[in-house]
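# structure here, sequence nowhere to be found:
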């Protein structure tokens with residue numbers, strides 16, 4: 001129907017738009033749209049041969065795609081006064097003195113309905129939508145703990161948890177580098193999964209020491225995981241993905257990459273997973289793929 005167009009240059013959601021677009025209009029579409037770093041793309045008005053048919057494409061923003069992807073959560077836009085307007089600070093220095101204080105260990109039996117279920121920890125949980133959707137999808141499979149360094153996001157995420165009446169998920173304001181080991185060592189059940197998804201890249205060379213994946217945290221994760229437990233890392237920045245991979249590859253005496261265990265875990269020639277094994281995308285993942293970026297993924301499993 002639109003074979004005359006360079007269809008592979010368009011994302012899937014645009015291809016779907018083309019499928020329902022009249023051929024005369026489709027053939028007049030502009031060349032591949034231009035993305036901008038604010039997460040939007042604009043289509044110019046498309047004028048067709050027939051003067052009676054004029055189609056104007058509105059600006060599509062990646063936040064709209066995020067809202068659609070998480071629409072099944074039905075999250076409220078109204079929050080308690082304590083939260084107020086949530087302005088997301090993108091870059092936080094985890095080495096700041098105020099963030100070097102260990103988080104207080106919660107009463108796990110009060111946090112979770114069954115505190116003995118296997119635990120998944122998402123380091124850098126952001127808004128919490130990704131983990132909320134995962135927890136809602138698997139209500140009895142395991143418990144979920146989101147660690148986030150921006151307190152307002154934690155407050156709002158826990159507000160959503162209460163709003164959804166979920167008892168298998170909890171969010172904590174914590175610097176994972178400082179608090180991870182103490183928190184998971186007190187949890188009554190086994191630690192079976194850790195995810196670090198699109199962490200702050202801290203591009204400047206002098207700021208690389210701020211990156212969340214450093215040797216002490218990797219050692220804490222590997223030591224705390226139960227045999228058979230898994231670590232999932234991903235980034236849309238190749239340099240950061242390689243940096244994380246190198247840290248975990250240094251622990252291959254205790255870890256093994258999943259593609260050597262599971263034949264359905266397909267990788268490219270560089271060892272990056274071709275698909276998201278969790279089946280749910282993070283917000284950053286949605287934004288990055290919208291902008292045409294590739295996501296570099298790697299998953300490890302602790303040996304018995």
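Great, that's in hand. Note that this is a predicted model, so its numbers are computed, not measured.

# in the sheet, who's paired with residue 143?
Residue 143 has the following beta-bridge partners by DSSP bridges: residue 119.

# do I have it right that residue 199 meets residue 237?
No: using Cβ atoms under 8 Å, residue 199 makes no contact with residue 237, being 9.3 Å away. Glycine gets a C-beta too; all of them are placed from N, C-alpha and C.

# neighbour-wise, which of those two wins?
Higher neighbour count among residue 199 and residue 237: residue 199, with 22 against 18, using other Cβ atoms under 10 Å.

# tell me the buried residues in stretch 284-298?
Neighbour counts over stretch 284-298 (16 or more other Cβ atoms under 10 Å) mark 284-291, 293, 295-298 as buried.

# same check on stretch 229-249?
Across stretch 229-249, burial judged by 16+ other Cβ under 10 Å covers 229-237, 240-245, 247-248.

# so who does residue 108 touch?
Going by Cβ atoms under 8 Å, 6 or more residues apart in numbering, residue 108 touches 115, 186-188.

# identify the farthest-apart pair in these.
Using Cβ to Cβ, the two most remote members of the contacts of residue 108 are 115 and 186, lying 10.3 Å apart.

# tell me how many other residues surround the spatially closest residue to residue 274 that is not a sequence neighbour.
Nearest residue to residue 274 in three dimensions, chain neighbours excluded: residue 266, at 4.7 Å (Cβ to Cβ, 6 or more residues apart in numbering). Neighbours of residue 266 under the rule other Cβ under 10 Å: 10.

# looks to me like residue 121 is in a helix.
No: Residue 121: not assigned to a helix; according to DSSP: H, G, I helix; E, B strand; the rest coil it is strand.

# thinking again about what came up before, let's see if you can find the most crowded of the contacts of residue 108.
With neighbours defined as other Cβ under 10 Å, the most crowded of these is residue 187; it has 22 neighbours.

# in strands only, show me the buried residues of stretch 284-298.
Mapping the buried residues of stretch 284-298 onto strands (DSSP state E) picks out 296-298.

# any idea how far residue 192 is from the residue nearest to residue 214 when sequence neighbours are not counted?
Closest residue to residue 214 apart from its sequence neighbours, by Cβ to Cβ, 6+ apart: residue 177 at 6.7 Å. To residue 192, residue 177 is 21 Å away according to Cβ to Cβ, to the nearest Å.

# now tabulate the buried residues of stretch 284-298 in a markdown table and tack on pLDDT.
Shown next, in a markdown table, are the buried residues of stretch 284-298 (pLDDT from 0 to 100):
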| residue | pLDDT |
| --- | --- |
| 284 | 91 |
| 285 | 94 |
| 286 | 93 |
| 287 | 92 |
| 288 | 93 |
| 289 | 92 |
| 290 | 91 |
| 291 | 91 |
| 293 | 94 |
| 295 | 97 |
| 296 | 98 |
| 297 | 98 |
| 298 | 98 |
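
# in TSV, list those along with distance to residue 121.
TSV is the format used below for the buried residues of stretch 284-298 (distance: Cβ to Cβ, whole Å):
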residue	distance to residue 121
284	18
285	18
286	22
287	23
288	23
289	25
290	27
291	28
293	26
295	20
296	21
297	18
298	17
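
# between those, which is closest to residue 61?
The nearest member of the buried residues of stretch 284-298 to residue 61, counting by Cβ to Cβ, is residue 290 at 8.9 Å.

# in the stretch 101-250 of the chain, mark out all the strands, start to finish.
Assigned by DSSP state E, counting those that start in this stretch, the stretch 101-250 of the chain shows strands spanning 119-123, 143-148, 169-173, 191-197, 230-235.

# walk me through which strands the third one pairs with, and which way each runs.
The reference is to strand 169-173. strand 143-148 (parallel).
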